[in-house]
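Undergrad: pasting the structure only:
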């Protein structure tokens, strides 16, 4: 069963996210589960970021709160705890138990430098060593 598309190209922050992701080597965008997923790797194409999400047990619907304009990333465990102490971040449904966090892009003005750092950190946890080396070479 295919999922309905749950975003438009002019959604809040999506264009900016696409630009930041494009600056990372070996990335691609794939629509999955009705949302943009950002992937890395020449063969496996593992997800390192997603646009849009929700949290179980909150508000809308019987047990779900939607965060349609959000970024999901996978930080390291120390960073994850710090991020979840910030009201802009949430524990995403399905991904949260695997170490992911969501940043609600509507909760406050977006700091795109911070977003770039979150994306890069998640990328570094998922990307193959050869692509991380390429990123480091680009950064000088």
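TA: Happy to help now that I have it. Just so it is clear, the model here is predicted, and its values are computed rather than measured.
Undergrad: my guess is residue 53 meets residue 101, correct?
TA: No: Residue 53 is not in contact with residue 101 according to Cβ atoms under 8 Å; the separation is 9.8 Å. Any C-beta I mention is one placed from the backbone N, CA and C, and that applies to glycine too.
Undergrad: anything in contact with each of these two?
TA: 72, 92 (Cβ atoms under 8 Å, 6 or more residues apart in numbering).
Undergrad: Pull up the per-residue confidence for residue 44.
TA: Predicted confidence (pLDDT) for residue 44: 80.
Undergrad: other SSEs contacting the helix or strand hosting residue 53?
TA: Here residue 53, judged by DSSP states H and E, is contained in strand 46-56. Packing partners of strand 46-56 (3 or more Cβ pairs under 8 Å, 6 or more residues apart in numbering; DSSP states H and E): helix 14-22, strand 35-40, strand 64-73, helix 112-126.
Undergrad: quick one: contacts of stretch 91-111?
TA: By Cβ under 8 Å, 6+ apart, the list of residues contacting stretch 91-111 reads 12-13, 16, 50, 53-56, 64, 67, 69-75, 77, 80, 83-84, 87-90, 115, 118.
Undergrad: in this structure, which segments are predicted with low confidence?
TA: For the chain, the stretches with pLDDT under 70 are 1, 57-62.
Undergrad: rerun at 80
TA: Applying pLDDT under 80 to the chain flags the ranges 1, 42-43, 57-63.
Undergrad: ok, residue 103 - how many residues close by?
TA: The tally of other residues near residue 103 (other Cβ atoms under 10 Å) stands at 25.
Undergrad: what's the neighbour count on the closest residue to it other than its chain neighbours?
TA: Excluding its sequence neighbours, the residue lying closest to residue 103 (Cβ to Cβ, 6 or more residues apart in numbering) is residue 71, at 4.7 Å. Using other Cβ under 10 Å, residue 71 has 27 neighbouring residues.
Undergrad: Could you dump the helices and strands packed on strand 46-56 into a markdown table with distance to residue 137 added?
TA: What follows is the helices and strands packed on strand 46-56, written out as a markdown table (distance: least, Cβ to Cβ, whole Å):
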| stretch | distance to residue 137 |
| --- | --- |
| helix 14-22 | 17 |
| strand 35-40 | 16 |
| strand 64-73 | 23 |
| helix 112-126 | 14 |
